[in-house]
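S.K.: model the structure of this input:
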Amino acid sequence: MWKTFVRQATADDLELLETIENEADALFATVFSIVGWRPARSYVEPSQQSGFILVASDNPGSNPIGFAHVLEVPGSNHLEQLSVRPSAAHRGHGRALVEAVKKESRLRGCKRVTLRTFADVPWNAPFYSSCGFLEHDPDSDFLRDQLLAEQKRGLGYGRRIQMNFDLTDELPR
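M.R.: Have a look, this model is predicted:
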């Protein structure tokens, strides 16, 4: 069984996050037959936004193999990005990051975690569903703005959906 160590990202981790996201996104390019998938952004600026970034590794003190970028928005936390290196996939690192996001969000007083994802990609909506997320309509200005931003960026490769996890329905672990 694989062990995952999750911690807050440090400034030294930020450069590596872009590489992790690019490796993970290459899988989308394959699924959707896209040539020239847009490269990930730098995480230096997003690390300054309200929210947090968690990183996962196989061993304490080792380089991250996955990360979760969470934005604090009115009424909830929004899981903006979850990426795990494909070479480290299917070891529970993504699930460990999701559970850590829930825990940290609860500690910060949030009532729910939201995200937007591809409905029919196995490691997207079906994965989040197995983590307890449910499909919902965007119900805040922030979430409606997310939908519009996706449409402007051209993320129409597959059906996208809104998912929520209600933190009040689960006891802390």
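S.K.: if you count contacts, what does the longest helix seen in the chain end up packed against?
M.R.: Assignment by DSSP state H gives helix 14-31 as the longest helix of the chain. Judged by 3 or more C-beta pairs under 8 Å, 6 or more residues apart in numbering; DSSP states H and E, the packing partners of helix 14-31 are strand 51-57, strand 66-73, strand 76-84. Using the backbone N, CA and C atoms, a C-beta is placed for each residue, glycine as well.
S.K.: what comes up buried for it?
M.R.: Neighbour counts over helix 14-31 (16 or more other C-beta atoms under 10 Å) mark 14, 16, 17, 18, 20, 21, 23, 24, 25, 28, 31 as buried.
S.K.: strands of this protein, start to end?
M.R.: Ranges of strands within the chain are 5-8, 51-57, 66-73, 76-84, 112-118, 134-136, 160-166, based on DSSP state E.
S.K.: ok, which of those comes nearest residue 142?
M.R.: Among the strands of the chain, strand 66-73 comes nearest to residue 142, with 4.6 Å by C-beta to C-beta.
S.K.: tell me the contacts of the spatially most central residue of the chain?
M.R.: Relative to the mean C-alpha position of the chain, the nearest C-alpha, by C-alpha atoms, centre = their mean, is the one of residue 82, at 2.6 Å. Residue 82 sits next to 66, 67, 68, 69, 94, 97, 98, 115 when contact means C-beta atoms under 8 Å, 6 or more residues apart in numbering.
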